[in-house]
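Participant: My questions concern the predicted model and sequence given below.
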Amino acid sequence: MKRKQFLLPLAFLTVFVLNACGNNTQIAQESHDYPFYVNSPDNKKTINLTFFKGQKDIPYISLETLKDLLESTMADSGEKGFALSRTDSGQKVTFTRENKASASFDFLNDNITFSNYDLFNALPCSKTALDIDSSDDLDANNQNIYLQRQNDKGFYRPGAEMVLDLKDYDLSIYYQGGKGYVPLALASDFFFATYMPTLSFNGESAFLFPGSMKEFSDIYYQVSPKAVSAELSAFSYHELCLTLDHLYGLKKQHGINNFDTVFSQNGFKTDFLGTDPIKQDIAYEKLAYAVLADFHSNFVANSPFAGKESTPSKQEGITTYGSPSYLNKFAAFTKVGMAQATAFPQGCPSYQVIGDTAYVTFNSFVGLSQDYYLTAPNEEAADTFGICAYAHKQITNNSSIKNVVLDLSANTGGESRAALFTLAWFLGEASVSIQSAATGGVATTVYRADLNLDHVFDEKDTLEDKNLFCLISPMSFSSGNLVPSFFKNSGKVTLLGQNSGGGACNIQSLVTGTGTYLTISSQRVLSRVFNGSYYDIDQGVAPDYPIVNLNNFYDRTWLTNMIDSIK
């Protein structure tokens, strides 16, 4: 029988201190130890949270705790190169990364300044601040595996510093008793969530979610639903505005100047600032599916105040609150998926040869599931690396194959590293470009892939003697849009089908101050470069040869004949 979770804090401390502005106003500060679930419900630790002005539902963490969490989270993920130093100058504290990027907390002026926000949040293995390969691509012997960055190529232009003026959002950070404190929600959004971990508090326990909160559900929702305090609602609202104003990647494309105006225009502000958590979560669903409606922004889970699945969720939430454009796109996804399922009732084969044409198909980009340098992939391979490497061997050993089709028509995205591997397979050298909506920084990183698994990255890993095609549809979204977008105008790959579904940004998780779990299109915007300018790929890419009838997508005899007719 599981031991019942503590419902009361484990430690308590109240002090009265001078506030951060240095005047004589005394502020009550309470510190409590709480259960802290880190990456797993089975990994229960303790975290010290601090509360100010008697507001016991708005937790802060000390900068010491923030630094320790950043270092331990990176170490737990295998990023041993991460290092964070601290310097203090009165009521200003600066964290500096091993890559020289810094974050300065100015407690007198209530602001946080990032010298280079993109670089401060980059993984140590990254070549630039905007590199989307999440691995150093090295084995224990320091040999490159699967992917290799071409460090003598590419381009990087850093962006401007980013300043969070908290007073503009009615938010505060505190420096008291020789320690600095930042809100837990702000720490989560600006210091953790770029690579998906998020911090949250349900009133009884704190959580570090590793990109998903699903397995924590029983603990997260063990608290009783209740009204939200007016103070917490105001904090959560202003913190959300701060985060979206600085980190939402498609702000410019949506014509948004600031989210406070958007929330007022759409009638959400009253509900967000109210005390009814159900109304708040419904407003979040409308925000995701009707206002942002970009398919990366999603309502994932209710706040603990509202209770588990207390509002329409998943497909019901989409159909209830989705805008006409969102619902039309959702219907297009469904139509393509049904066409593929009808053509292949036992599942679409990942590798198939029809006449002189090989077809390689996967409906999501899946990360490595095993070490293919130890055991070569076979026809049962289920992840993208194994499927591509197996297909490469079959194709290069079969001289009768003239054409290769990468079928991404029902691919809705997935792991970016798997997408890079696929892209480099077809292109030889894959140049992937990103712009930062937060700072204006831009980068192009060049990768090669090792398809024949010999640790040598050369022309033997390409299909240079084959005619290359990619089948796309409105369902080709996110990474399923990334790959054909960079194929376009490469001179190496011909696009077939219908316009791809867009999706230009990496996903970022957010947990609001009230505990509602969302995802958004982050500030990292995938882009094509033309004449030195970066253009986002959110509108998708048009085929070189349109196919109107979806049934023809999966009639591979018809499609092979069509391909053979292309001169």
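Facilitator: Everything's here; your move. Numbering: from 1, shown residues only.

Participant: Residue 468 sits in which helix or strand?
Facilitator: Taking DSSP states H and E as the criterion, residue 468 maps to strand 467-472.

Participant: so what does that strand touch, helix or strand wise?
Facilitator: Counting contacts by 3 or more Cβ pairs under 8 Å, 6 or more residues apart in numbering; DSSP states H and E, strand 467-472 packs against strand 403-407, helix 479-487, strand 493-497, helix 556-565. C-beta here means a position set from N, CA and C on the backbone, and glycine is covered the same way.

Participant: Direction included, what does the third one pair against?
Facilitator: Strands adjacent to strand 493-497 in the sheet, as given by DSSP bridges, are strand 467-472 (parallel), strand 545-546 (parallel).

Participant: Surely residue 107 and residue 179 touch.
Facilitator: No - taking contacts as Cβ atoms under 8 Å, residue 107 lies outside contact range of residue 179: 10.1 Å.

Participant: So which of these two has more stuff around it?
Facilitator: The residue with more neighbours, out of residue 107 and residue 179, is residue 107; 24 against 15, by other Cβ atoms under 10 Å.

Participant: Now do that one, the pLDDT please.
Facilitator: For residue 107, the pLDDT comes out at 97.

Participant: which one is it nearest to, not counting chain neighbours?
Facilitator: Once flanking residues are discounted, residue 107 sits nearest to residue 175: 3.5 Å by Cβ to Cβ, 6 or more residues apart in numbering.

Participant: so which strand or helix has that neighbour?
Facilitator: For residue 175, the element it lies in under DSSP H and E is strand 174-176.

Participant: Each with direction, which strands does that strand pair with?
Facilitator: Here strand 174-176 has these sheet partners by DSSP bridges: strand 179-183 (antiparallel).

Participant: what's the model's confidence in the partner strand, averaged?
Facilitator: Strand 179-183 shows a mean pLDDT of 97.

Participant: Tell me the buried residues in that strand?
Facilitator: For strand 179-183, the neighbour count (16 or more other Cβ atoms under 10 Å) marks 180, 181, 182, 183 as buried.

Participant: lowest-confidence helix or strand of the protein?
Facilitator: Least confident helix or strand of the chain, by mean pLDDT, DSSP states H and E, is strand 12-18 with a mean of 37.

Participant: What's the local residue count around residue 221?
Facilitator: 20.

Participant: and it, what does it touch?
Facilitator: Residues near residue 221 by Cβ atoms under 8 Å, 6 or more residues apart in numbering: 202, 304, 307, 308.

Participant: Pick out whichever of those sits closest to residue 126.
Facilitator: residue 202 (33.3 Å; Cβ to Cβ).

Participant: Would you agree the closest one is in contact with residue 514?
Facilitator: No - contact status for residue 202 versus residue 514: not in contact, 9.9 Å apart, counting by Cβ under 8 Å.

Participant: of these two, who's got more company?
Facilitator: Ranked by neighbour count (other Cβ under 10 Å), residue 202 and residue 514 place residue 514 first, with 29 against 19.

Participant: before we move on, the earlier item: can you tell me which of the buried residues of strand 179-183 is nearest residue 481?
Facilitator: The closest of the buried residues of strand 179-183 to residue 481 turns out to be residue 183 (Cβ to Cβ; 35.0 Å).

Participant: partner residues bridging that closest one?
Facilitator: residue 60.

Participant: Test my guess that it contacts residue 62.
Facilitator: No - counting by Cβ under 8 Å, residue 183 stays clear of residue 62, with 11.7 Å between them.

Participant: Just the buried residues of stretch 397-417, please?
Facilitator: Buried residues in stretch 397-417, defined by neighbour count with 16+ other Cβ under 10 Å: 401, 403-417.

Participant: Oh, that last question was meant for stretch 355-371, not what I typed.
Facilitator: 357, 358, 359, 360, 361, 362, 363, 364, 365, 366, 368.

Participant: Mind checking which of those are in strands?
Facilitator: In strands, defined here by DSSP state E, the members of the buried residues of stretch 355-371 are 357, 358, 359, 360, 361.

Participant: Is there a neighbour count for residue 432? I'd like the number.
Facilitator: Using other Cβ under 10 Å, the number of residues around residue 432 comes to 26.

Participant: list the contacts for it?
Facilitator: Residue 432 neighbours (Cβ under 8 Å, 6+ apart): 132, 420, 423, 444, 445, 446, 447, 482, 486, 526.

Participant: Surely the third one forms part of a strand?
Facilitator: Read that as residue 423. No - Residue 423 is assigned helix when assessed by DSSP: H, G, I helix; E, B strand; the rest coil, not a strand.

Participant: Do I have it right that it meets residue 486?
Facilitator: Yes - using Cβ under 8 Å, residue 423 is in contact with residue 486, at 5.8 Å.

Participant: what is in contact with these two at once?
Facilitator: Residues touching both residue 423 and residue 486 (Cβ under 8 Å, 6+ apart) are 430, 432.

Participant: hang on, the earlier thing: show me what the mean pLDDT comes to for the strand holding residue 468.
Facilitator: Per-residue scores along strand 467-472 average to 98.

Participant: do the same with stretch 277-285
Facilitator: Mean per-residue pLDDT for stretch 277-285: 98.

Participant: any residues touching that stretch, and which ones?
Facilitator: 225-228, 233, 268, 271-272, 274, 299, 302-303, 305-307, 310-312, 317, 320-321, 512, 514, 516, 518.

Participant: so how far is that stretch off the chain centroid?
Facilitator: In terms of Cα atoms, centre = their mean, to the nearest Å, the centre of stretch 277-285 is found 22 Å from the chain centre.

Participant: what about the residue nearest the centre of the chain, is that helix, strand or coil?
Facilitator: Of all residues in the chain, the one closest to the mean position by Cα atoms, centre = their mean is residue 507, 2.5 Å from it. Here residue 507 takes the strand state, with states given by three-state DSSP.

Participant: need the longest helix for the protein.
Facilitator: Looking across the chain with DSSP state H, the single longest helix is helix 324-343.

Participant: and the next element down the chain from it?
Facilitator: Next along the chain after helix 324-343, taking DSSP H and E as the criterion, comes strand 351-354.

Participant: What residues of stretch 372-390 count as buried?
Facilitator: 372, 377, 381, 383, 384, 385, 386, 387, 388, 389, 390.

Participant: Throw the residues you listed into JSON lines and include pLDDT, distance to residue 170 and secondary structure, thanks.
Facilitator: Formatted as JSON lines, those follow (pLDDT from 0 to 100; distance: Cβ to Cβ, whole Å; DSSP: H, G, I helix; E, B strand; the rest coil):
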{"residue": "372", "pLDDT": "98", "distance to residue 170": "53", "secondary structure": "coil"}
{"residue": "377", "pLDDT": "98", "distance to residue 170": "55", "secondary structure": "coil"}
{"residue": "381", "pLDDT": "97", "distance to residue 170": "53", "secondary structure": "coil"}
{"residue": "383", "pLDDT": "97", "distance to residue 170": "47", "secondary structure": "coil"}
{"residue": "384", "pLDDT": "98", "distance to residue 170": "46", "secondary structure": "helix"}
{"residue": "385", "pLDDT": "98", "distance to residue 170": "48", "secondary structure": "helix"}
{"residue": "386", "pLDDT": "98", "distance to residue 170": "52", "secondary structure": "helix"}
{"residue": "387", "pLDDT": "98", "distance to residue 170": "51", "secondary structure": "helix"}
{"residue": "388", "pLDDT": "98", "distance to residue 170": "51", "secondary structure": "helix"}
{"residue": "389", "pLDDT": "98", "distance to residue 170": "54", "secondary structure": "helix"}
{"residue": "390", "pLDDT": "98", "distance to residue 170": "56", "secondary structure": "helix"}
